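K.L.:
please work out how this folds:
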Amino acid sequence: MKLKIRRYRWSDLDTILALHQICLAEVGLAPGDGVYYDDDFPRIQELYLACGGDFLVGEIGSRVVAMGGLRPIDSETAEVCRLRVHPGFQRRGFGATMLRALEHRAVELGFTAIRGDTTLNQGAALALYERHGWRETSRRQVGELVVVYGEKRLRPRDEAHRPAVESADAMES
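P.N.:
Got it, this is the predicted structure:
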């Protein structure tokens, strides 16, 4: 299967909100736990796209199965947000494909560093970030959960200059 990555469209809103909810429920995160929030979804245009970031979705056929956003923190740093892969499509390299696309897009947008967070109970996400050169910067207890913060310095490389949104043939896992 090949993952086609493209930019978010307003018509994706209900689909990506459902994907978000499914993915967090799968790892035991729920509203009220202190880390779960979804109020940014109706504001993707404002919080991600209009301010110099981006939001990407990954499709298999016409089904959205993955997503991830870049939210600017300052002129040099963006936050990787909402990196999700539907549980039925995990363990196929789609998370790595989305993360690489977000990193490449961050370089294209002029960012030199990216940051993100996940929880200690999201072992697959922690392993993904570690494999891709992220380093843990801190941990914080939030309610019953431990939030792990990480970052990665970005360097422009030849492959970083290829478009983050590519054809399905180019985005194999």
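K.L.:
those helices in this protein, which residues are they?
P.N.:
13-26, 44, 94-108, 123-131 (DSSP state H).
K.L.:
now these in CSV, please, with extra columns for mean neighbour count, distance to residue 6 and mean pLDDT.
P.N.:
(C-beta placed from N, C-alpha, C; glycine too.) CSV is the format used below for those (neighbours: other CB atoms under 10 Å; distance: least, CB to CB, whole Å; pLDDT from 0 to 100):
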stretch, mean neighbour count, distance to residue 6, mean pLDDT
helix 13-26, 16, 12, 95
helix 44, 23, 14, 96
helix 94-108, 22, 10, 97
helix 123-131, 15, 21, 94
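K.L.:
among those, which comes closest to residue 56?
P.N.:
Comparison of the helices of the chain against residue 56 by CB to CB identifies helix 94-108 as nearest, at 5.8 Å.
K.L.:
off-centre distance for that closest one?
P.N.:
Centre-to-centre, helix 94-108 and its host chain are 8 Å apart (CA atoms, centre = their mean, to the nearest Å).
K.L.:
same for that helix, what does it pack against?
P.N.:
If contacts are counted by 3 or more CB pairs under 8 Å, 6 or more residues apart in numbering; DSSP states H and E, helix 94-108 sits against strand 4-7, strand 54-60, strand 63-72, strand 77-85, strand 113-119, helix 123-131.
K.L.:
looking at the helices of the chain, which is closest to residue 2?
P.N.:
Smallest distance to residue 2 across these (CB to CB): 9.4 Å, for helix 94-108.
K.L.:
just want the angle from the closest one to helix 123-131.
P.N.:
40 degrees (axes from the mean of the first three to the mean of the last three CA atoms, to 10 degrees).
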